[in-house]
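A.B. asks: Below is the sequence, then the predicted model.
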Amino acid sequence: MNIRSLTRGDGVVIGAAVVLFIASFLDYSSYCPQGIDCSKIDNPNAWDSLGLLMSVFLAGVIAAALVVVSRAMPGRKVAWLDLGQLGAALSVFTLWTAFWTILDISNAGAGLILGLLAAIVLAAGAVAGPLVPFLKAPLLSPAGPAQGVQGGQAPYGAQPGQGYGYPGAQQQPYGAQPSQGYGYPGGPQQGQPAQGDPAQAQQAQAPQPSQGGAAPAGDFAPFWFAVPVARPLYGEDGSPNPIAELAPGTWYLAVEQRGQSLIAQTQDGRRGVLQDTTGIQRG
């Protein structure tokens, strides 16, 4: 199971289950007759009472296990109940049993008191975990690779992060090889326009996002991208005939956005309109 799928509520449940298990080894009764050296009395713990062990301590541990397993196998049901719901119900049963057990014992020991406190926390975490926003937050801060455009990445113009596909990272889009030329992160830039063409020189010098995350002023920041399949690049003058074709496995530079389309720059310095931007891998 991926530990990053756990929430804070799951962490509370796991911690309470650990405390419950430890409490099962402590004395659940502190009875000591007067006039007797209490240090010589061996009070029982939960493992000496099968009913108490199963109905309070191990039931709580099983409830926590069901809640956590429901994260790894979402949608699994037992008796028409989701595993998480079954775990929450069992945690409430644990609290109910611990509460009446401690009322029934006149000299409750450390094990039973600690078990009741752990059962309260367990039930609260299992029931409130899916409801309270704070407990629904991830237990660990997400530090995985950034996702593509369709995977929830920031819209065009957002500053690229240091995750998957960012220029300078080790990952490569769609099988790109380190030997590829223009646009490959960290590779040499090829196809620069001739010195005598100021227009193309200005286009080729479009600003690029730095590895530190800085972006030029304005609503749009140029970024690197790759296409999943070959995509035609049309002229900026609206011509219906493609001027180039963007191939998978190569990084290209998006220098401008026009509606849902992108103005992309090819390896020989030409610019054109990429009309189909679905599924592209942003850098």
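C.D. replies: In hand now; what should we look at?
A.B. asks: got a list of what residue 7 touches?
C.D. replies: With contact set as Cβ atoms under 8 Å, 6 or more residues apart in numbering, residue 7 has these partners: 71, 129, 135, 136, 137, 138, 139. Bear in mind the C-beta positions are built from the backbone N, C-alpha and C, glycine included.
A.B. asks: Is there a quick PyMOL command that grabs whichever of these are buried?
C.D. replies: Selection of the buried residues among the contacts of residue 7 in PyMOL, burial being defined by 16 or more other Cβ atoms under 10 Å:
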select buried, resi 71+129+135+139
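A.B. asks: Pick the one among the contacts of residue 7 closest to residue 41.
C.D. replies: The closest of the contacts of residue 7 to residue 41 turns out to be residue 129 (Cβ to Cβ; 40.6 Å).
A.B. asks: Now do the nearest residue to the closest one once chain neighbours are set aside against residue 123, distance only.
C.D. replies: Taking Cβ to Cβ, 6 or more residues apart in numbering as the measure, residue 129 lies nearest to residue 9, with 2.5 Å between them; neighbours along the chain are not counted. Counting by Cβ to Cβ, to the nearest Å, the separation of residue 9 from residue 123 is 12 Å.
A.B. asks: how much space between the residue nearest to residue 129 and residue 132?
C.D. replies: Following Cβ to Cβ, the distance that separates residue 9 from residue 132 is 7 Å.
A.B. asks: Between the two, which has more neighbouring residues?
C.D. replies: The neighbour count for residue 9 versus residue 132, taken as other Cβ atoms under 10 Å, is higher for residue 9 (24 against 15).
A.B. asks: helices or strands next to the helix or strand hosting the more buried one in the packing?
C.D. replies: Residue 9 belongs to helix 8-23 when assigned by DSSP states H and E. Under the contact criterion of 3 or more Cβ pairs under 8 Å, 6 or more residues apart in numbering; DSSP states H and E, the helices and strands touching helix 8-23 comprise helix 58-72, helix 83-104, helix 110-128, helix 133-136.
A.B. asks: just checking, what packs against the last one?
C.D. replies: Read it as helix 133-136. Applying 3+ Cβ pairs under 8 Å, 6+ apart, one finds that helix 133-136 makes contact with helix 8-23.
A.B. asks: if we can go back for a sec, in JSON lines, list the helices and strands packed on helix 8-23 along with distance to residue 264.
C.D. replies: Supplementary listing: the helices and strands packed on helix 8-23 in JSON lines, determined by distance: least, Cβ to Cβ, whole Å:
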{"stretch": "helix 58-72", "distance to residue 264": "41"}
{"stretch": "helix 83-104", "distance to residue 264": "46"}
{"stretch": "helix 110-128", "distance to residue 264": "49"}
{"stretch": "helix 133-136", "distance to residue 264": "39"}
